[in-house]
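1. predicted model and sequence below, questions to follow.
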Amino acid sequence: MTASSLFDEIKTLATEQRNPRSMDLDRLSIEDTLVLINSEDHLVAKAVKQEIPYIAEAVTHVTHAFRSGGRLFYAGAGTSGRLGVVDASECPPTFGTHPELVQGIIAGGPAAMFKAQEGAEDLEENGEKALRDAGITQNDVVCGIAASRRTPFVVGAVTYARKLGCRTLFITCTPREAFRIDVDVAICPVVGPEVLMGSTRMKAGTAQKLVLNMITTTAMVQMGKVYENMMIDLQMTNKKLVERSRRIVMTVTGLSYDDAARVLHEASGHVKTALVMNLAGVSVDRARLLLEKADGFVRKAVSLGLG
């Protein structure tokens, strides 16, 4: 693509337009600037709401992959890539998943999380290579993240995944009618032009973060990682999570702090097992067996234990 054709492409992108409501941004007071940014941010949740049917379809693909031994890969550059890495890195401590289950791949590699790697996103073959190096298989789901929908690294990654037979998703903030990439599900929250022209770390980034939260959280609920509205497969890897685990057991069972700690100790720190032990009145070994029969769902395991 020549410089002139790239310029012509970029200038027409929805994410690169000027916002008529912020034309006097450089003249506003601090408070008025903040009010303006906040008012624009209010548009984000509404845009994401319009995409819920597509997000639901994406969750269905992700959940199927997890149940079939597959994984979820995010592919992005810049802010979009960082958001994917962040969402992936938060799954193990929150849901007790293996670090390989959800992975974030960013153009330029790990160094790009902290410092922009200029030019890393400009070649489609870099996206393909990154997925090859990650060892993806047709059982996996690959989700491209690009506010503008045109980022070559992301397009290359998704195109390669498609050829391999993976289910493919794409999160972008450009209108659906302008999206022409062959994927299984496109999620297109159109948030409008940014307060600061082209700064997609703002509304577009917020929209992408909301969608990523929705995909992984809902998929983990479908995988039995949640009881009522509590995370019950968390890993007790720091003091905060140790105390949160005890509080969850206390909240569900009514046990005292010390008794909750004791049951958790017997369950080797596994909250799910501790809950089934108490709620079904069974031993630790029986609780583990019930959870296995219930595919990890606490409600079903307790029902089996009481039945």
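-> That came through, no problem.

2. which residue packs closest to the spatially most central residue of the chain, ignoring adjacent ones?
-> Centroid check for the chain by CA atoms, centre = their mean gives Leu212 as the closest residue, at 3.1 Å. In this structure, Leu212 finds its nearest non-sequential neighbour in Asp87, 4.2 Å apart by CB to CB, 6 or more residues apart in numbering. Every C-beta, even on glycine, is put in place using the N, C-alpha and C of the backbone.

3. for that neighbour, which residues are in contact?
-> Asp87 is in contact with Tyr74, Val102, Gly104, Lys209, Leu212, Asn213, Thr216, counting by CB atoms under 8 Å, 6 or more residues apart in numbering.

4. tell me where the protein has helices.
-> Using DSSP state H, the helices of the chain run over residues 3-11, 30-49, 52-67, 78-95, 124-134, 152-164, 203-222, 239-253, 257-266, 271-280, 284-293, 298-306.

5. redo these as JSON lines? Include mean pLDDT and distance to Val185.
-> Formatted as JSON lines, those follow (pLDDT from 0 to 100; distance: least, CB to CB, whole Å):
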{"stretch": "helix 3-11", "mean pLDDT": "59", "distance to Val185": "24"}
{"stretch": "helix 30-49", "mean pLDDT": "98", "distance to Val185": "15"}
{"stretch": "helix 52-67", "mean pLDDT": "98", "distance to Val185": "5"}
{"stretch": "helix 78-95", "mean pLDDT": "95", "distance to Val185": "16"}
{"stretch": "helix 124-134", "mean pLDDT": "95", "distance to Val185": "18"}
{"stretch": "helix 152-164", "mean pLDDT": "96", "distance to Val185": "11"}
{"stretch": "helix 203-222", "mean pLDDT": "98", "distance to Val185": "10"}
{"stretch": "helix 239-253", "mean pLDDT": "94", "distance to Val185": "33"}
{"stretch": "helix 257-266", "mean pLDDT": "96", "distance to Val185": "39"}
{"stretch": "helix 271-280", "mean pLDDT": "96", "distance to Val185": "30"}
{"stretch": "helix 284-293", "mean pLDDT": "97", "distance to Val185": "31"}
{"stretch": "helix 298-306", "mean pLDDT": "96", "distance to Val185": "29"}
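
6. packed most tightly, which of the ones you listed would that be?
-> helix 271-280 (a mean of 24; mean count of other CB atoms under 10 Å).

7. helices and strands around that one, which ones?
-> helix 239-253, helix 257-266, helix 284-293, helix 298-306 (3 or more CB pairs under 8 Å, 6 or more residues apart in numbering; DSSP states H and E).

8. and it, how far from the chain's centre?
-> Put simply, helix 271-280 sits 28 Å off its chain's centre (CA atoms, centre = their mean, to the nearest Å).

9. ok, now stretch 86-106?
-> The answer for stretch 86-106 is 9 Å, by CA atoms, centre = their mean.

10. only alpha carbons, please: show it as CSV.
-> The C-alpha coordinates for stretch 86-106 follow below in CSV (Å, rounded to 0.1, in the frame of the first residue of the first chain):
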residue,chain,number,x,y,z
VAL,A,86,-4.4,-7.4,30.4
ASP,A,87,-7.6,-9.3,30.1
ALA,A,88,-5.7,-12.6,29.5
SER,A,89,-3.4,-12.0,32.4
GLU,A,90,-6.2,-11.5,34.8
CYS,A,91,-8.0,-14.8,34.1
PRO,A,92,-5.6,-17.1,36.1
PRO,A,93,-5.9,-15.2,39.4
THR,A,94,-9.6,-14.5,39.0
PHE,A,95,-10.8,-17.8,37.7
GLY,A,96,-8.0,-20.3,38.5
THR,A,97,-7.4,-21.0,34.8
HIS,A,98,-4.1,-22.2,33.3
PRO,A,99,-2.1,-19.2,31.9
GLU,A,100,-2.3,-20.8,28.4
LEU,A,101,-6.1,-20.9,28.3
VAL,A,102,-6.5,-17.2,27.4
GLN,A,103,-3.4,-15.5,25.8
GLY,A,104,-2.8,-12.0,24.6
ILE,A,105,-0.5,-11.4,21.7
ILE,A,106,0.6,-7.9,21.0
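
11. correct me, but Ser170 touches Asp182?
-> Check again: residue 170 is Phe, not Ser. No. Phe170 lies out of contact with Asp182 (CB atoms under 8 Å); the separation is 9.6 Å.

12. state the distance from Ala274 to Leu164.
-> 41 Å (CB to CB, to the nearest Å).

13. same deal with Cys143?
-> 14 Å.

14. and if you look at Val271?
-> For Val271, the distance to Leu164 - CB to CB - is 37 Å.

15. do Leu289 as well
-> Leu289 is 38 Å from Leu164, by CB to CB.
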